[in-house]
Every structure is written in C-alpha cells, then in structure tokens.
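Visitor: what follows is a predicted protein model with its sequence.
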Amino acid sequence: MSNRKGPLSSKLTCAAVTRRQFMKLAGVSVASAGAVSWPSPLLFAAQPARKRIIIHGERQVTSLGYHNRRETEHVSMVDAGLVTQNPVTLERVPVLAEELPSVKKGTWKIDTQKKTMITVYKLRPGLTWHDGKPYTSKDFEFGSQIAKHPEFPMPDRLVPDLISKIETPDDRTIVIHWNDLYNEAYAVQYTHVRAFPRHVLQEAFSAGDMKAFANLPYWNKNFVGAGPYRVVEWDAGTRMELEAFKDFTLGRPKIDRVTYKTVEDTNTNLAAVLAGEVDLCMRSTISFDGAMILREQWEKQGRGKIYISPASWSWLNLSRDNPWFGDVKVRRALLHAIDREAMVQNLFKGEKIVSHVPLSRVRKSYKQALGTATLYKYDPETAKRLLAEAGWKPGSDGMLVNAKGERMEFEFRVTAERRDHEQAQAIIADYWKKVGVRTNIKNLPNRLLNAAENRNRWPGAFIGTHNVTVEEWQERFHTKNIPTAENKFAPENVSGWNDARKDAILDELNSIVTPTRSEQLQLEFLKMFSDALPHLPLYYSPEVLVAKKGLTGITPRQESGGQNSSSWNMYQWDKV
Amino acid sequence: MLVYVARRFLQIVPLLLFISALIFMLLYLMPGDPLYRMLQDIPRLRAEDYDRLRRLYGFDDPVYIQYWKWLWQLIQLNPGYSTEYGQPALDIIWPALKNTLVLTITAVVIGKSVAILLGIYSAVRQYSIGDYLLTGLTFIAYSVPAFWLGLMMIIVFSVKLGWLPTSGIVNPDLVPGTWEYMIDWIKHLILPVAVLAISEIIQVQRFMRSSLLEVLRQDYLTTARAKGLSEEVVIGRHALKNALIPVVTIIAVTMPRVVGGSTVVETVFAYPGMGRLLYTSIMGNDYVVAMTVVMIIAMTVIFFNLLADILYGWLDPRIRYQN
C-alpha cells in the first residue's frame, strides 16, 4: 500500500461515490431488504376462519408421503388410510374402508398350507381427494406400485413386499393378495401402503425418473390427500397451514383452520402456552419438567389440560458383547440393585410409571402379565448374593472382583440430549456403586450413537427407549434381528437375545392367531422376558400433550409406534 | 485500484473452491449417517433397505464423486435437492434468507448505530459516571448468553406483560396489507431484534470507544483545536473518520452474520431464518442445504472483507492500493 495517490488510483478509488451517496445507498439497501422480506400476500390470501387453532410441534413437516422423514401425526392430519388405529383403545377403525376384512364374512381368506392370504376392502361410497376428484381402488393399486418400485426411496418395504398382487374389480373394491401370512393384513396401515392420486402423479411416475418423482412438490407443498384437512400452505420446516376438507368421509372437521408451527425449543413452547398463544402442544414440545410447571401455574387456574401418557418404554441394556453380562444372575442382580420406584418418583414427580415388562399398560394382558412375570424389587442384599454366586466378590476397596482379578467397572452410555436418561443414569450409577459396581459415564449425542461405529452396540450399559407395541416385538427381540456386521448393525434386537422358543412365539404372534391365543403367547413371551432379562426394564417414558381450555376431542396416544397418533381423530376436535 | 479489485476477485475463485472442498469434507466427515433418522424411526428397516436407500440417495458414491456432483450443480446455481424436504435447496434457503435479512439488518443498523453513538459518548466523556455505567452494562451484557436473554425477554414482555408475541413471524389470522398485519409483523420482530442488537452494541461500543480515545490523543487534533475549531467539529469531522477505520474492520467481520443469521436467537424465537435452517439441516444430515448455506455465508465473508479493504481507502485518503 502506498500513502500517496497515483493518477490512476485517484480515479478509481471510491471517490465516485460520495459519503452522502453511500449513506443513501445503504438506506435504500436496508429498505429494499425489508421490502423483499415482507411475507408475500399470496401466502396469506385466505380470510380468517371461523374456528382456528394453532398447534406447536417439535418435528418439522418434511414429507407427507411415504419417503424421506415423515411423521404419523402430520400424515394423519392430511391423509387417511383404509384403516386407522385408536391410540387409546388400540382398536382398528375403518376410515376409507367401509369395514375391516373378516374371516367370518369371507373378506379375509387364509390358506395356512400355502401361506397365502386374500383380503378384500370395500371403499366407502363417494370418496374424493382434496381436489374433488374421485378416490378409487385404482388409486390404492397405484400407491402400492409406488411403494414397490425399486427406484423409489421407500424406507420400509416389508409390507409392500408381502403383497403379491392387487386387483380392483370395480372402483370401490380392493382385493389384496398376500404372499405370506401377515396378522395385520386386515388393517393395512397407511404408513405401509396407501392410495395416491393417479390423476396428479401418474404422468410423473410413468416418466420413469424416480428421483424427480420423489422430489415432486406434491409430497409436501402441493399435497393432495383424502384426510380431514387439506394443505393450504407449507413453509419448509417451519409452518403448515391447513383447511378443513368439507367432503372428508367421516364428516366435515369442526375446526375450520389449523396452523401447525415447528417450534423446537421447549422453553419457547412453555412460554407460548403461558402467554396463551398456542392451542395444542404436541409430543416432545413440552418437557416433563415444563409440564409440571404448567400443572402448577396454568392447569390449576383452569387455563387448559396437561395430558401425560406412558407411551414408550425406557430400558437399560447390558452389552451383548461383554461376557460379564452373559450370566443372567449378573443382569438380575443389577436390576435388584436399582430402586426404580424411588428413581421414578424422583424423576417424574409421582407419576407411577415403573415398568416390569415391555408391554403397555393399556393392553388387555398387562395385568395378567404382571401376575405371571418375575418382578425384581429393590433388594441390594439379593443383588450382592447373586453377584457373589456369579463369581463377583468385593475386593479390598469394596469393588467387585472376579476370579480373573477383573474389577466390575464398565462404560455407561445414554443419549446426551435425553435429560431423563441422563438423570436416571446418574441415579443408577449411584445404586450400583453401593453394591460394588463402578461405571464410567460416557454419553454421546444422537448423531454419534447412530454413526456406523456405534450403531446398536455399546461396550457396557446403555439406556434406550423404544416403542412398546406388541407388533414390534418381532423387530426388537427376534434372533434374526440381532445387529451384526453383516447386516450393518441395522436391525433392532440390540439385546442379542437368542432363544428358539422365544422366536417360535414371536413367529406365531406374527402369523394369524386368535385374540385368545395371542394373549397366551404374549404372556408366555413376557414370562420368558422377565426371566431372561435381555433388557432391564426401567420405566414408561411419559409423553406430554398440552391443550388449551376449550379444545375438545384430544385423545393422547397410550402407545407409541405403528399408526398410533394423537391426531388420528382430528376431524372430531372442536374449539368451544 | 481497479486492478487491485479485479485481482482480489480473481483470487476469490480458487478461494471459494478451496472453501467448498473444505466445507464438503467437514460435513462429510461429521459423525453420523445421513440415513440415521430413518433408521431411528423405522424399526422394520432391513439391511437391504438400508443399502437400497444409500444407493438411491447417492450416499454410496465415492466422496469425490459426491463432491463433484454437488459442485457442478452449485456452479449452475442449482445446488440440488434437500434430502429432508425433497425440494430444491434454493427454494428452501431463499425464504429463510429473506427472513434473516430483515431480522439481522434491522438489528445491525440499530445495534451498530447505537454502539457508535455510545462509543463516542464514552470516549468523549472518559471516566465520567456515564462512561463507567456504560462500561459496566457492556460487560454485564457481554456475559449474558443470548438464549437466556431471549428467554428472559419472552417471560417479561410476552408472558408477564403480554405486550409482544413469543415466537414466529406474524399471526396467521391477519390479512396482509393491513395496518394490523404490519403492526403484528413489527411486534414479532421486536424481541429477536432487541437480543441481536444488544449483542451488536456490546461488540462495537468498546471498539469505538478505544479507537476514538486513541485518535483524540493525536497531534493533528490539538492543531485543529488550536485553530479555534469547535469540539463538535474537531470530533465530528476530524477524529471520528479516522476512529472509524478499525471499527469498519469489526463491522465487516461481523457482517456475514447478516446473512448467516443467529442460530440461537432464531431457535429461541422460532424465527424461520438462515441460522435455524443451518442448524436443522446439519442435525438432519441434509448436506445439500447445509453446504449451500455455508457457501453463501463464506461468500459473504469474502465479499465483506473485500468491501472493508475498499472502504479503508475511502475513509482514509492516505491508504491507497498498489497495483
């Protein structure tokens, strides 16, 4: 740099723009930016509706179709399947179908010899899509073609792969041919197979470019479904504006307009509830601690209702790769060493949600299961005795040592973002210390836990949560679903529980059985589970829903997983 | 000067290439699998489904192929599709950018103007009660995390007083183009702008103060005063311009935030801007969106650095660039 002006540089410096001009330019820039950023009137063209609610959700509305990351709660708002599930009674309820296929009526034919089935669904008369076009059986067949297309990024193709053929003898009849026995064939979930409007998608699908097809704006922004609400606006990741679909087959929704906003921060959601800005906070938007604050400062004043439902299941697993934990006495001892009642009392302020078996409390067999299963009460003396029987005796410093001189010390992991798991971990580590077991806490964020090197395995102990539905036991506990290097550690039987009888029970449960037989099998499975303790059951993870006074019809789901969704009956919600 | 600027622009090309490769590698090396969300939510996903999805989403290509595909699309101003939303990345980024520009430009203009004025006051009234008070407040504000400040403001102004909304951009009930709508829009902006502006003030005020104090000790100001110029003219016309030079650097360095937004503030106020988008895209392994956002921020950094260099010459006639 030079201190003196050269003839050329003097012409080329900013002299062309005076300071005053610069300030004007800056002002104009700021004003232009403001003008550009003003939300477009087109986005809000509709007039205010008679009844409107604002819903806050933690999850972004990414996709309303099959693929990418999609949420059952969002899909239930805008689309409907043949059948849905009441998340409180767990009863299957026909929506677009007139009734559920049944063996008695001949609409569910089972050939146990050939292991094939046929189910016949009859659509309700006069069904239409959100754009007014008729909804026919051909649309369902088309939906199945999409799900089965090898180049379409459908994540879970288990059910589509079980369908060998779909026939559509008329516009209202869907005949599904199954190439294997499938106990849910009478209530096909829309997350697995559902109809999509051929008149909107057929051309793009036939063009064959499945990448372009999967990225069509149809799947979120321009979604056309058959559910209680239709999408009016969709802002990526932030907001979805919905309008009541007057021709919804189960009746016009009572609330005219719904705004779904993604608000990730639980404190912001809490403040929004207290400020009266939101009508409904969906799951994960309010923390359990936040719910307790609202119970005191909000619910008691009659400003709304807090729903806390034990929807999913938190367990502790002792690594399948660590030989110490192969001995069931060690697993039983470590469960006896934890005072789960006190822990849950401490964590969840008196909610009675200690779990003993992987079954939700709304299942018919739950009470009987508790009667037959082996229960492990807090008993540190029994814990010490069992550990001694397993060859673990206290050393000079009180820590357990085995015959090889190994000290019982191992890594203890939870997901770093899960506050209740972190709290439970600290409590459990303390209980275990009292019986001579030392743990080294090493928590990892979700991203790292799901990285190839960590997925579904850990060196010591891990606290996890998963859905508690019986229909997912096959995935969670069957020997064929033990994660290994060959299957890229993708399957979910993380406990590594390997038992032929247990597998036979799960296989039978997954085939066609009567409700009575199903309950017998469930009880036998749960008894085996409680004896073998592949997981140490901890508690049911509470799901919090917050509804403002005046909002009626909300039914919080009692079980996570499957098609269970709190928005399953949105057409019945009302604001009074 | 023109040659200098042209040369700087030419240097930008390899620099951007280097940055793009660096960003790509950093995101690529980030732990976690792009498909992990699907794996988490769908217990029935089988190993063959996993392989199929990796292939369909293009995650099984060698890293250099993935980089080249993305770069080639970026050069054509079409960085590809978001894996989260299945929409063109620019369609996702553009609305977020507009929202962020409104928020941050407002905050920067207010914050930096106030900061410069307070800095001048502190320097001119050095060791006065006002100076001590401002210094104390600045240090307190500096120690307060933005998320906490944001939450406190929400509790006071939204929950307790009920004056301002907690989050979002505008009440969806209102009709655009009406005064009600505009007032509501401004109301939604007040809290996030206030939090960001406070952070701007604490950054620039201290620099302005020290820079002006240094200039005030220069001989040429004594000369100006000896010539009988008033204190306003001495400070306003002679001292301030030179004192602004280091401040311009600070402002230029902080300007990329105008485009990048503030992840914390945007998350606390559920404001759909660039910062929040960057965070969600990284957490969701939406590489295309995350990389494009980071590239836009990187380009802004380069641009404002260049602009700062050019502004030096304008602010201080002694500074000229050799060809």
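Guide: Received the coordinates, thanks.
Visitor: contacts, neighbours, all on C-alpha from now
Guide: Fine.
Visitor: what about the helices in the stretch 1-150 of chain B?
Guide: Assigned by DSSP state H, counting those that start in this stretch, the stretch 1-150 of chain B shows helices spanning B:2-29, B:36-41, B:47-56, B:63-75, B:89-124, B:129-143, B:146-153.
Visitor: how about the ones you listed, which one is nearest A:S102?
Guide: helix B:36-41 (30.4 Å; Cα to Cα).
Visitor: pLDDT on that closest one, on average?
Guide: Helix B:36-41 shows a mean pLDDT of 62.
Visitor: is it possible to get JSON lines of the helices of the stretch 1-150 of chain B that adds mean neighbour count?
Guide: Putting the helices of the stretch 1-150 of chain B into JSON lines (neighbours: other Cα atoms under 10 Å in any protein chain shown) gives the following:
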{"stretch": "helix B:2-29", "mean neighbour count": "14"}
{"stretch": "helix B:36-41", "mean neighbour count": "19"}
{"stretch": "helix B:47-56", "mean neighbour count": "17"}
{"stretch": "helix B:63-75", "mean neighbour count": "14"}
{"stretch": "helix B:89-124", "mean neighbour count": "22"}
{"stretch": "helix B:129-143", "mean neighbour count": "14"}
{"stretch": "helix B:146-153", "mean neighbour count": "18"}
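Visitor: pipe those helices into TSV and attach distance to chain A per row.
Guide: Below are the helices of the stretch 1-150 of chain B laid out as TSV (distance: least, Cα to the nearest Cα, whole Å):
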stretch	distance to chain A
helix B:2-29	6
helix B:36-41	6
helix B:47-56	5
helix B:63-75	15
helix B:89-124	5
helix B:129-143	21
helix B:146-153	7
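Visitor: by mean pLDDT, show me the worst of the ones you listed.
Guide: Minimum mean pLDDT among the helices of the stretch 1-150 of chain B: helix B:36-41, a mean of 62.
Visitor: just to revisit the earlier point, do you know which of the helices of the stretch 1-150 of chain B lies nearest A:L318?
Guide: Using Cα to Cα, those put helix B:36-41 closest to A:L318, at 20.1 Å.
Visitor: out of the helices of the stretch 1-150 of chain B, which is closest to B:K187?
Guide: Using Cα to Cα, the helices of the stretch 1-150 of chain B put helix B:89-124 closest to B:K187, at 12.1 Å.
Visitor: related to what we said a few turns ago, compare the helices of the stretch 1-150 of chain B and give me the one nearest B:P256.
Guide: helix B:89-124 (9.9 Å).
Visitor: get me the contact residues on the stretch 151-300 of chain B for chain A.
Guide: With Cα under 8 Å from any Cα of the partner chain as the criterion, the stretch 151-300 of chain B comes near chain A at residues B:151, B:154-155, B:158-160, B:162, B:165-167, B:172-177, B:267-270, B:272, B:283.
Visitor: tell me the helix or strand right after the host helix or strand of A:A291.
Guide: Assigned by DSSP states H and E, A:A291 belongs to helix A:288-294. Reading on from helix A:288-294 to the C-terminus, the next helix or strand found by DSSP H and E is strand A:304-318.
Visitor: right, is that next one up against chain B?
Guide: No - Strand A:304-318 is not in contact with chain B by Cα under 8 Å from any Cα; minimum separation 12.8 Å.
Visitor: quick one: mean pLDDT for the following helix or strand past that strand?
Guide: Going down the chain from strand A:304-318, the next helix or strand is helix A:328-336, by DSSP H and E. For helix A:328-336, mean pLDDT is 97.
Visitor: now the stretch 401-550 of chain A, which segments are flagged as low pLDDT?
Guide: By pLDDT under 70, the stretch 401-550 of chain A has no low-scoring segment.
Visitor: return the residues of it in contact with chain B.
Guide: Taking Cα under 8 Å from any Cα, the part of the stretch 401-550 of chain A that reaches chain B is made up of A:447-452, A:472, A:475-476, A:487-492.
Visitor: for chain B, longest helix please?
Guide: Taking DSSP state H as the criterion, chain B has its longest helix at helix B:179-216.
Visitor: may I see the buried residues of the helix or strand that that one is followed by?
Guide: Downstream of helix B:179-216, the next assigned helix or strand under DSSP H and E is helix B:219-226. For helix B:219-226, a neighbour-count test (16 or more other Cα atoms under 10 Å in any protein chain shown) marks B:L221, B:A224 as buried.
Visitor: now swap in stretch A:487-501 and tell me
Guide: In stretch A:487-501, counting by 16+ other Cα under 10 Å, buried: A:K488, A:F489, A:A490, A:P491, A:E492, A:N493, A:V494, A:S495, A:G496, A:W497, A:N498.
Visitor: JSON lines for those residues, including secondary structure?
Guide: Converted to JSON lines, the buried residues of stretch A:487-501 look like this (DSSP: H, G, I helix; E, B strand; the rest coil):
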{"residue": "A:K488", "secondary structure": "coil"}
{"residue": "A:F489", "secondary structure": "coil"}
{"residue": "A:A490", "secondary structure": "coil"}
{"residue": "A:P491", "secondary structure": "coil"}
{"residue": "A:E492", "secondary structure": "coil"}
{"residue": "A:N493", "secondary structure": "coil"}
{"residue": "A:V494", "secondary structure": "coil"}
{"residue": "A:S495", "secondary structure": "coil"}
{"residue": "A:G496", "secondary structure": "coil"}
{"residue": "A:W497", "secondary structure": "coil"}
{"residue": "A:N498", "secondary structure": "coil"}
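Visitor: what's near enough to touch residue 193?
Guide: All of this refers to chain A. Counting by Cα atoms under 8 Å, 6 or more residues apart in numbering or on different chains, A:V193 makes contact with A:F140, A:G143, A:S144, A:A147, A:V159, A:P160.
Visitor: that answer is for a different chain, and I need it for chain B
Guide: B:V193 neighbours (Cα under 8 Å, 6+ apart): B:L103, B:T104, B:T106, B:A107.
Visitor: what bridges to A:L242?
Guide: Beta bridges link A:L242 to A:V231, A:V258 when assigned by DSSP bridges.
Visitor: quick one, grab the pLDDT at it.
Guide: 96.
Visitor: again, but for A:Q21
Guide: Reading off the model, A:Q21 has pLDDT 52.
Visitor: so how far is chain A from the residue nearest the centre of chain B?
Guide: By Cα atoms, centre = their mean, chain B has its centre lying nearest to B:R257, at 0.8 Å. To chain A, B:R257 is 15 Å away according to Cα to the nearest Cα, to the nearest Å.
Visitor: any idea how far the longest helix of chain B is from the chain center?
Guide: Relative to its chain's centre, helix B:179-216 lies at 13 Å (Cα atoms, centre = their mean, to the nearest Å).
Visitor: in that helix, which residues are buried?
Guide: Those would be B:181-182, B:184-185, B:187-189, B:191-213, B:215-216, for helix B:179-216 by 16+ other Cα under 10 Å.
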